[in-house]
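Engineer: Dropping a prediction and its sequence here:
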Amino acid sequence: MTIRKHSVLAVLAILLVGTQVRPLRADIFVSENSDVAKGNALLGEGKVAEALERYDEAARALPGKPGVHLNRGLALSRMGEDNLDQAMQAFQLASEAGGDKGIRARALYNLGNAFFKKEDYAKAMELYKKSLMLAPGNRDVAWNMELARQKKKEKEEKEEQEKQQQQDQQEQQDQQDQQDQQDQQDQQEQQDQQQEDQKKDEQEQKKEDQKKSEQQQEQQQEQQPQPQPKTKQEMEQVLNSLDDQQKNLMKQMARQKGVALPSGSTKDW
C-alpha cells in the first residue's frame, strides 16, 4: 500500500468511524454461535440494522467476548451520530484488558476515531497510542494519531485566537464604557455650569432691573412740581382760618366750664 492510498483510507476511517475496519471473522469468537456468523454476513452485505440485531443476541449469549462488542460497536458506528455514544460503550467493553490483543487494538483504534469525531483530539491521541502499543506498525493508527495531533494544535490555536479576540472586544467595551461614563460626566458638569451661569445672569438682571426702577423713581420725584411760596394774602387767609379754629375751640371749652368769653379779641400780630 502506498502512502497516498494509505492516507485516503485513514481519512475515511476518521470520517466514518471504523468503516475501513472489516468485521472480525466469526471463528475468532465462538464458531458455534450462529448469531455472530449471521451478523458478520449481514454487516458485509451492508445490512447494518439486521447485523446489529444478531450481535445483540450474541452479546446476550456471550457477554464476556470482546469480539462481539467490537462488532456491535462497528455496526452502531455505521448507523449515524445518534448511535455514536452506544458505539463508544461497545468499543470500551471490547478494549478492556484480558482480551485478545488484536481485538483490543482495533477497539482502541475505533474508540479513538469516535473521540476524534467529537473533536476531543487529546483523548483520541491517547487511544491511538494505546492501540499502537498493542499492534505496533499499524499505519492507519499512526496516520490518525498524527492527524489528531495537527487537529489538536489547530483547535488550540483557534481557541487562543478566539480568547484573544474576546479579550480585545472586552477591552474595547471597557474603554467605550469609560468613554461613555466620562462623556456623561462632562455633559452633567456642562449642564450644571450652564445652570449656574443662568442663575448668575438672572441675579445680575434682577439687580439691574432694581437699579433701573430706583432710577426711574428718582426721576419721577424730580419731575414732580415743587410747592411754590404763598403770597401775603394767602398767608393771612391761612392765619385767619387758624384763628377761627382757635376761637371755636375756646368757645367749646368755655361752654363746658360755664365761662363767657370776651366780646372782642385782639390779634397778636
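Structural biologist: Yep, that arrived. Numbering: from 1, shown residues only.
Engineer: Remind me what the longest helix that the chain contains packs against, helices and strands.
Structural biologist: In the chain, assigned by DSSP state H, the helix with the most residues is helix 139-223. With contacts defined as 3 or more CB pairs under 8 Å, 6 or more residues apart in numbering; DSSP states H and E, helix 139-223 has these neighbours: helix 3-16, helix 101-117, helix 121-134. For the C-beta atoms, the positions are set from N, CA and C on the backbone; glycine is no exception.
Engineer: pLDDT averaged over the longest one - what is it?
Structural biologist: What helix 101-117 shows for mean pLDDT is 96.
Engineer: List the buried residues in that helix.
Structural biologist: Across helix 101-117, burial judged by 16 or more other CB atoms under 10 Å covers 103-117.
Engineer: after the lowest-mean-pLDDT helix or strand in the chain, next one along is what?
Structural biologist: Least confident helix or strand, the chain: helix 3-16 with a mean of 36, by mean pLDDT, DSSP states H and E. Proceeding N to C from helix 3-16, the next assigned helix or strand is helix 34-44, under DSSP states H and E.
Engineer: what sits up against the helix or strand just after that next one?
Structural biologist: Sequence order places helix 48-61 as the next helix or strand after helix 34-44, per DSSP H and E. Helix 48-61 is contacted by residues 29, 33, 35-36, 38-43, 65, 68-69, 71-72, 75-76, 78-79 when judged by CB atoms under 8 Å, 6 or more residues apart in numbering.
Engineer: could you check the angle helix 34-44 makes with helix 48-61?
Structural biologist: Counting by axes from the mean of the first three to the mean of the last three CA atoms, to 10 degrees, helix 48-61 lies at 160 degrees to helix 34-44.
Engineer: and helix 48-61, how far out from the chain's middle?
Structural biologist: 50 Å (CA atoms, centre = their mean, to the nearest Å).
Engineer: Likewise for stretch 181-191?
Structural biologist: The answer for stretch 181-191 is 25 Å, by CA atoms, centre = their mean.
Engineer: quick one on the thing from earlier: buried subset of the contacts of helix 48-61?
Structural biologist: 29, 33, 35-36, 38-40, 42-43, 65, 68-69, 71-72, 75-76, 78.
Engineer: Can you pull up the most central residue in this structure?
Structural biologist: In the chain, the residue lying closest to the centroid (CA atoms, centre = their mean) is Gln170, at 10.3 Å.
Engineer: show me the contacts for that one.
Structural biologist: Contacts of Gln170 (CB under 8 Å, 6+ apart): none.
Engineer: where does it land on pLDDT?
Structural biologist: pLDDT for Gln170: 92.
Engineer: What of Pro66?
Structural biologist: At Pro66, the pLDDT value in this model is 92.
Engineer: Met253 too?
Structural biologist: Reading off the model, Met253 has pLDDT 82.
Engineer: That one: which element?
Structural biologist: helix 232-257.
Engineer: Next, the buried residues of that helix.
Structural biologist: In helix 232-257, counting by 16+ other CB under 10 Å, buried: nothing.
Engineer: What distance do you get for Glu154 to Arg106?
Structural biologist: Taking CB to CB, to the nearest Å as the measure, Glu154 falls 27 Å from Arg106.
Engineer: whoops, Met235 was the one
Structural biologist: 149 Å.
Engineer: Ok, Gln181 next?
Structural biologist: Gln181 is 63 Å from Arg106, by CB to CB.
Engineer: cool, Glu202 as well?
Structural biologist: Using CB to CB, one obtains 94 Å as the distance from Glu202 to Arg106.
Engineer: Tell me which helix or strand comes right after the host helix or strand of Gly67.
Structural biologist: Using DSSP H and E, Gly67 sits within helix 66-77. Next in sequence after helix 66-77, counting helices and strands by DSSP H and E, comes helix 84-94.
Engineer: Could I have the CA atoms of that next one written out in CSV?
Structural biologist: Taking C-alpha atoms only, helix 84-94 is exported to CSV below (Å, rounded to 0.1, in the frame of the first residue of the first chain):
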residue,chain,number,x,y,z
LEU,A,84,-22.1,7.1,18.4
ASP,A,85,-22.2,7.1,22.2
GLN,A,86,-23.5,3.5,22.2
ALA,A,87,-20.8,2.5,19.8
MET,A,88,-18.2,4.0,22.1
GLN,A,89,-19.5,2.0,25.0
ALA,A,90,-19.2,-1.2,22.9
PHE,A,91,-15.7,-0.3,21.9
GLN,A,92,-14.8,0.4,25.5
LEU,A,93,-16.0,-3.1,26.5
ALA,A,94,-14.0,-4.7,23.7
